[in-house]
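predicted model, plus sequence, below.
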Amino acid sequence: MCGKCPEGYPLSIWDKMPEGCGFEGWLFQKKEEIKQKIRKQKELLLSLEVMVKTVTPEQAEKLSESIKKIKKTIESYAKYGSENW
């Protein structure tokens, strides 16, 4: 318990924390871990988008499915700013 949050603890890592929240460092770390995963997904997305242009149609179809999944993952964090991570 941090003593500053209404519930005694943050309900989500994305909630705005009250000043002096005892979970501030931990929350920052968790946000950065998610941002790093999204950045890696974006790197993979770029690679797949280039690769899809040079493979067979069957391979391109499989890559397109992977591309869709990655975009969906990135989009799931859009309200937290994933477009700019």
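Ah, there it is.

now do stretch 77-85, average pLDDT.
Confidence for stretch 77-85, expressed as mean pLDDT, is 96.

what about the strands in this protein?
In the chain, no segments count as strands under DSSP state E.

pick out the residue nearest the middle of it.
What sits nearest the mean C-alpha location of the chain, by C-alpha atoms, centre = their mean, is Ile38, with 3.9 Å.

which residues touch that one?
By C-beta atoms under 8 Å, 6 or more residues apart in numbering, the contact set of Ile38 is Thr73, Ile74, Tyr77, Ser82, Trp85. No exception for glycine: its C-beta is placed from N, CA and C like everyone else's.

so where's the protein uncertain?
Regions of the chain meeting the criterion pLDDT under 70 cover residues 1.

these two touch, right, Pro18 and Cys5?
Yes - with contacts counted by C-beta atoms under 8 Å, Pro18 reaches Cys5, the gap being 6.2 Å.

which residues are in contact with both of these two?
What both Pro18 and Cys5 touch, as defined by C-beta under 8 Å, 6+ apart, is an empty set.

higher neighbour count, these two?
Cys5 (16 against 13; other C-beta atoms under 10 Å).
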